[in-house]
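Q: next come a sequence and a model predicted from it.
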Amino acid sequence: MNMPASASGTALAPDKEQAARQLTDIMAKFTGYVGKRLPQDVLDKLAELRARETKPLAKVVYDSMFDNLEKADRLDRPCCQDTGALQYFVRAGAGFPLLGELKAILGDAVRQATKDAPLRHNAVETFVEKNTGTNTGTNIPWIDWEIVPDDDTCTIEVYMAGGGCSLPGAAKVLMPAAGYEGVVQFVFDVITSYGVNACPPLLVGVGVSTSVETAATLSKRAILRPIGSHHPDPQAAKMEALLEKGLNDVGIGPQGMSGSSSVMGVHIEASARHPSTIGVGVSVGCWAHRRGTIRIQPDLAYEILSHRGAVL
Amino acid sequence: MKKILTTPIRDEDIAGLRAGDVVYLDGLLVTCRDVGHRRLIELGQKLPVDLRGNAIFHAGPIVVKDGDGWKIISIGPTTSMRMESFERDFIRETGVKLIVGKGGMGPETVEGCRENKALHAVFPGGCAVLAATQVEKIERVEWLDLGMPEALWVCRVKEFGPLIISIDTHGNNLFETNKAEFNRLKVPAIAEISKEVRFIR
Ligand code: SF4
């Protein structure tokens, strides 16, 4: 049987190999960059919450946060020591020239960023229970794929999932009798327990869906949305606003010190559901919400959408 | 005026401090987290650093080789609650006076802090470069076989903080007080929202 020329294991054409190296370099630098500087929407929100804060202990914490961000930027270092498990959310055009190579490229980019940034070694191979020392391992970096037909660009979200902010993550399937009221209860239970230790103010992602894994995935997608964006459905958008206000009324404050706010925002993502279930998932991002968005053209020209004035 | 604690810390230095006070640290601070605690308490191994009167930090740093020594790039607190099951015994065994971490700790640590006069304090989470710039020197490293995050990094620190005291020597626990308040406030908030989200009719 004839193998197609692009089958795995076959060497890439030299120009493609060169392009793959170039994209690896861009993604390594961008990944390192995201570990050191927060996206503009998060910076703006933190500044707003800081200005609104009245409690003395909470102010002490905000002062430290901004002092830290300034030092991280100036010294070019990761702003939090926990540079997370690396996750990439890829929205690739079916015609993006390096689509087939992208998985390998992102793995190489992580290995390179781990040395160059540097990033903390955060990939423990399960069952073997050994830290690989490269931030790569089975299915890590985690890659989530969305393929866009009739398009040849590629947009990649980088997310550093820290331990503290991954811990509160939870999902379950409610009976319809619990209603959206059950969703509200679930969100509050998660945020007022584990959320307190996840370095608030938090960005809360809620997935409302049909089963446990769809709700969980949507809740993660929700925290990748820029702060200040709203769900297109008016009822969902209303629920986002209600949850945000309600959680802020609890006044968890930065680092759980108690304060004027608890969250940077609440985002809901939803899918249709089975008539007999309401799947609900919660993911949280910490104040050091290291998320970055980069759009790459077929010729590898790129644009950084999440950070203002970013230079790699 | 900054309130500064200097190691070795004596009982009388901390007796007047209360949960919610803010202090800074001068002196010796040793990173010690999950496996460090497990080795001493569960596996009965002797800790290679004398902690009497000193401070520990629940933290896993990013460290790079710097000539013959080491340099801290980034060091920040990790969730203290993971050490809750060990901390009371740890305080008794080591004579440590200040435990720095993130988030609160539970009733066992409160007891440990009362019995043997010690404090738990939080360094603002995620402020790892700020903390790194307050480490003057890494004096040495022990148990490096545990890997970079779990090894015991013996650090000399200067005005290390802010450290917000969460558990004092008198049995007060800032996070327990806060959590009770959060749980009280969440009941009306949930009731209020629930009225507005009866979308299933
Ligand atoms: S929760 Fe976020 S800011 Fe806090 S230590 Fe973890 S990664 Fe850093």
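A: Sure thing, it's come through.
Q: looking at chain B, which helix or strand is least sure?
A: Lowest mean confidence among the helices and strands of chain B (mean pLDDT, DSSP states H and E): strand B:62-66, at a mean of 88.
Q: name the nearest residue to residue B:116, ignoring sequence neighbours.
A: The spatially closest residue to residue B:116, leaving aside those adjacent along the chain, is residue B:91, at 5.0 Å (C-beta to C-beta, 6 or more residues apart in numbering or on different chains). Glycine gets a C-beta too; all of them are placed from N, C-alpha and C.
Q: helix, strand or coil for that neighbour?
A: Using DSSP: H, G, I helix; E, B strand; the rest coil, the structure places residue B:91 in helix.
Q: how far away is it from residue A:27?
A: Computed with C-beta to C-beta, to the nearest Å, the distance linking residue B:91 and residue A:27 is 46 Å.
Q: ditto for residue A:135
A: Counting by C-beta to C-beta - residue A:135 and residue A:27 are separated by 13 Å.
Q: look through chain A and tell me its longest helix.
A: Criterion DSSP state H: the longest helix present in chain A is helix A:14-36.
Q: same check, this time on chain B
A: Per DSSP H, chain B has its longest helix at helix B:174-196.
Q: just to revisit the earlier point, quick one: the helix or strand just after the least confident helix or strand of chain B near chain A?
A: Moving toward the C-terminus from strand B:62-66, the next helix or strand (DSSP states H and E) is strand B:69-74. Yes: judged by C-beta under 8 Å from any C-beta of the partner chain, strand B:69-74 and chain A are in contact via B:73, B:74.
Q: how about strand B:69-74, which residues are buried there?
A: B:70, B:72, B:73, B:74 (16 or more other C-beta atoms under 10 Å in any protein chain shown).
Q: show me what that strand pairs with in its sheet, parallel or antiparallel.
A: Strand pairing for strand B:69-74, using DSSP bridges, gives strand B:62-66 (antiparallel).
Q: check which residues of the strand it pairs with are buried.
A: So for strand B:62-66, counting by 16+ other C-beta under 10 Å, buried means B:62, B:63.
Q: swap in stretch B:106-121?
A: B:106, B:108-110, B:112-114, B:116-121.
Q: quick one: least confident helix or strand in chain A?
A: None of the helices or strands of chain A scores lower by mean pLDDT, DSSP H and E than strand A:130-131, at a mean of 88.
Q: what is the neighbour count of the closest residue to the ligand within chain B?
A: The nearest approach of chain B to the ligand comes at residue B:126, 2.6 Å away (C-beta to the nearest ligand atom). For residue B:126, the count of nearby residues is 31 (other C-beta atoms under 10 Å in any protein chain shown).
Q: same thing with the one 3 residues further on?
A: Using other C-beta under 10 Å, residue B:129 has 29 neighbouring residues.
Q: and it, that's in a helix?
A: Yes: assigned with three-state DSSP, residue B:129 falls within a helix.
Q: check contacts around it.
A: The neighbourhood of residue B:129, defined by C-beta atoms under 8 Å, 6 or more residues apart in numbering or on different chains, consists of A:68, A:71, A:72, A:75, A:77, A:78, A:79, B:74.
Q: the residue nearest to residue B:116: neighbour count?
A: Residue B:91: 25 neighbours (other C-beta under 10 Å).
Q: I figured it hits residue B:119, correct?
A: No: with contacts counted by C-beta atoms under 8 Å, residue B:91 stays clear of residue B:119, the gap being 10.1 Å.
Q: okay, and the common contacts of the two?
A: Residues touching both residue B:91 and residue B:119 by C-beta under 8 Å, 6+ apart: B:99, B:113.
Q: could you pull out the strands for the chain?
A: If you meant another chain, say so; for now it's chain A. A:85-93, A:124-125, A:130-131, A:142-148, A:154-161, A:170-174, A:202-209, A:263-270, A:278-285, A:291-296, A:302-304 (DSSP state E).
Q: wait, chain B
A: Using DSSP E, the strands of chain B run over B:4-6, B:22-31, B:55-57, B:62-66, B:69-74, B:98-101, B:119-122, B:135-142, B:152-167.
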